[in-house]
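Asker: All I have is the shape, not the residue letters:
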């Protein structure tokens, strides 16, 4: 029994010492929290230019807090009131405690957590006299706290449980009922933050808990946005976004900070076909990367895209002949804050009967690579190719598939690399799903005559014209520039987009494939092109497990017939990042 009593005294003694150690360290006025060190350093510098006692610390949550102090609690409350009234700090600034602060990042090379309090820069008022070092006194008695707690709505009670859960103090049902589990978690939170553990949060404590939980939303200025033209009301991060313009069916919100966030409100009349068309169009936009889940239903769709340094989320719903929704674009690497912002936007999304005028933004600049003011996603590189067998195997140049996150045909069919000849720069691509080409290459492996007529079928302008074009020339040499076998030199003026296209003889048979301009520093005359021979192409196809089709000797074909074969065989290959 004596040992137990001694242990209790020991714990009590050191518990009291811990409380007073926190009191000696003082309290702080927290004015901001930023998710990245760089942003926090910039904001700390901005505050330090106009206010004294500015410090910055990493928080337990991983965020970076900008605080002023440390002061005695009464002094800190006076500083909070004065600076709020003067507009020098945000209205949602609040009292913070040292046990939530970790490594100091501002000022650089300083650590003042254990140096005691400093004199406040404002004079105390008669209502709040300085009384010296005092413990953290609650703003309400337990009875008063219970009374103010009874005024909370059901949702506010659930929000408190959610905040306690997010802080790691509550792990039960979010039901708004403050039973023994909730009371225990409230007491634990109070004890952790240096308050008397009554199990009933006071008004100030509830505010501090919710401010900490809502720090991600506070940091981006979440506020209600009502758009009577689009007929959409919702909470949006208006601290980092601002309305820019209407271009039907979108209301554009552009970023106003280095964060780089963007948003769209979607509003238009239409039915199921319109919804489906919008779903397809949205996926072609640059702000919606290729990777990520997406779902189309009869009356709604959802698209999430991740890549190229951003994460985007789009939702839209068809109801009573109107399609309403929104898109949020957020930088990658800020997932915790993005998730909170997106959840708040979803939960607050409401609509009215108004729909954005279809003519809104009609006078804006029009370009083929823009959809309602949004950049259409473009591949990193586009080259020509052609079908080599009846299942849709494609021959093309290696640069069309090199280091690509995704390779597709012009109709969005995905392709996979089956074989690559690095020396020649030729790649065999196999479609994920078998295709049914209109026509396939018929190879003529005979050595062509020098000065015989040839034509290359290719997407010279990388798809801008929507169909391949034929470029005519002659065989200048049956060997490469250095006399190498398997390569022909053509007297033919080609463009980069033509590379990978089939080379036809006058009978409509494929005698080679156009190669790209050499990348070894040489600059060739514009009328000089190189092509892989049909014999080398057949060798490469064999290694990929594909049998090329041999052509039959025929008479010269007409230009119309050659164009028909070329159009049915030539494809546009896209390389996507």
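Answerer: Cool, got the structure. Just so it is clear, the model here is predicted, and its values are computed rather than measured.
Asker: Name the SS class of residue 42, please.
Answerer: Recorded secondary structure, residue 42: helix (DSSP: H, G, I helix; E, B strand; the rest coil).
Asker: Now residue 460: phi and psi?
Answerer: Per-residue torsions, residue 460: phi -50, psi -40 (degrees, to the nearest 10).
Asker: I figured it was touching residue 467, is that so?
Answerer: No: checked against Cβ atoms under 8 Å, the pair residue 460 and residue 467 is beyond contact range at 10.6 Å. Quick note: C-beta positions are derived from backbone N, CA and C, even for glycine.
Asker: Looking only at neighbour counts, state which of those two leads.
Answerer: residue 460 (20 against 13; other Cβ atoms under 10 Å).
Asker: How about that one: what's its closest non-neighbour residue?
Answerer: Closest residue to residue 460 apart from its sequence neighbours, by Cβ to Cβ, 6 or more residues apart in numbering: residue 495 at 4.4 Å.
Asker: could you list every residue that touches the one you found?
Answerer: 458, 460-461 (Cβ atoms under 8 Å, 6 or more residues apart in numbering).
Asker: which residues in the protein form helices?
Answerer: 2-25, 37-48, 73-86, 142-149, 154-166, 180-192, 203-213, 215-219, 272-282, 335-348, 534-543, 559-569 (DSSP state H).
Asker: per-residue confidence at the residue nearest to residue 198 when sequence neighbours are not counted?
Answerer: Excluding the flanking residues, the one nearest residue 198 by Cβ to Cβ, 6+ apart is residue 142, at 4.8 Å. Here, the pLDDT recorded for residue 142 equals 89.
Asker: Look up the residues forming beta bridges with residue 576.
Answerer: residue 406 (DSSP bridges).
Asker: what's it in contact with, if anything?
Answerer: Taking Cβ under 8 Å, 6+ apart, one finds 290, 379-380, 404-408 in contact with residue 576.
Asker: Any of those buried? List them.
Answerer: Burial by neighbour count, 16 or more other Cβ atoms under 10 Å: within those this picks out 379, 404, 406-408.
Asker: I figured residue 545 was touching residue 391, is that so?
Answerer: No: counting by Cβ under 8 Å, residue 545 stays clear of residue 391, with 11.2 Å between them.
Asker: Comparing those two, which shows the higher neighbour count?
Answerer: A count of neighbours by other Cβ under 10 Å puts residue 391 above the other of residue 545 and residue 391, at 15 against 11.
Asker: Which residue is the nearest non-sequential neighbour of the more buried one?
Answerer: residue 434 (4.7 Å).
Asker: So for residue 426, which of the helices of the chain sits nearest?
Answerer: helix 534-543 (5.5 Å; Cβ to Cβ).
Asker: Who are the packing partners of that closest one?
Answerer: strand 394-397, strand 414-421, strand 426-431, strand 442-443, strand 510-514 (3 or more Cβ pairs under 8 Å, 6 or more residues apart in numbering; DSSP states H and E).
Asker: repeat that for 7 Å
Answerer: strand 414-421, strand 426-431, strand 442-443, strand 510-514 (3 or more Cβ pairs under 7 Å, 6 or more residues apart in numbering; DSSP states H and E).
Asker: related to what we said a few turns ago, could you export the contacts of residue 576 as JSON lines, including pLDDT and distance to residue 50?
Answerer: Shown next, in JSON lines, are the contacts of residue 576 (pLDDT from 0 to 100; distance: Cβ to Cβ, whole Å):
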{"residue": "290", "pLDDT": "83", "distance to residue 50": "46"}
{"residue": "379", "pLDDT": "85", "distance to residue 50": "49"}
{"residue": "380", "pLDDT": "85", "distance to residue 50": "46"}
{"residue": "404", "pLDDT": "88", "distance to residue 50": "51"}
{"residue": "405", "pLDDT": "83", "distance to residue 50": "47"}
{"residue": "406", "pLDDT": "86", "distance to residue 50": "50"}
{"residue": "407", "pLDDT": "92", "distance to residue 50": "55"}
{"residue": "408", "pLDDT": "92", "distance to residue 50": "54"}
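Asker: ok, of those, which one's closest to residue 352?
Answerer: Proximity of those to residue 352 (Cβ to Cβ) peaks at residue 290, which lies at 34.2 Å.
Asker: residue contacts, that closest one?
Answerer: 305, 307, 406, 576 (Cβ atoms under 7 Å, 6 or more residues apart in numbering).
Asker: and with 8 Å instead?
Answerer: With Cβ under 8 Å, 6+ apart, residue 290 has these contacts: 305, 307, 377, 405-406, 576.
Asker: thinking again about what came up before, count the neighbours of the residue nearest to residue 198 for me.
Answerer: Residue 142: 13 neighbours (other Cβ under 10 Å).
Asker: Check the gap between it and residue 177 for me.
Answerer: 19 Å (Cβ to Cβ, to the nearest Å).
Asker: same deal with residue 432?
Answerer: From residue 432 to residue 177 the distance is 53 Å (Cβ to Cβ).
Asker: Where does pLDDT dip in the chain?
Answerer: Applying pLDDT under 70 to the chain flags residues 1-25, 123-138, 362-373, 411, 519-522.
Asker: do that again at 50, thanks
Answerer: In the predicted model of the chain, residues 1-24, 125-135, 368 satisfy pLDDT under 50.
Asker: Buried residues of stretch 82-90, list them for me.
Answerer: 82-84, 89-90.
Asker: what's the first-to-last distance across it?
Answerer: End-to-end distance of stretch 82-90 (Cα to Cα, to the nearest Å): 12 Å.
Asker: Pull the distance from stretch 223-231 to the chain's centre.
Answerer: Centroid separation for stretch 223-231 versus its chain: 24 Å, with Cα atoms, centre = their mean, to the nearest Å.
Asker: contacting residues around that stretch?
Answerer: Under Cβ under 8 Å, 6+ apart, the answer for stretch 223-231 is 233-236, 238-239, 243, 246, 251, 265, 267, 322, 324, 348, 351-357, 360.
Asker: Of those, keep whichever come out buried.
Answerer: Judged by 16+ other Cβ under 10 Å, buried ones among the contacts of stretch 223-231: 234-236, 238-239, 246, 251, 265, 267, 322, 324, 351, 355-357, 360.
Asker: Outline the domain layout of this structure.
Answerer: 142-218, 226-375, 381-576 (automatic domain parsing).
Asker: before we move on, the earlier item: how about JSON lines for the contacts of residue 576, with distance to residue 272 added?
Answerer: Listed next are those as JSON lines, based on distance: Cβ to Cβ, whole Å:
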{"residue": "290", "distance to residue 272": "25"}
{"residue": "379", "distance to residue 272": "30"}
{"residue": "380", "distance to residue 272": "35"}
{"residue": "404", "distance to residue 272": "35"}
{"residue": "405", "distance to residue 272": "32"}
{"residue": "406", "distance to residue 272": "29"}
{"residue": "407", "distance to residue 272": "32"}
{"residue": "408", "distance to residue 272": "27"}
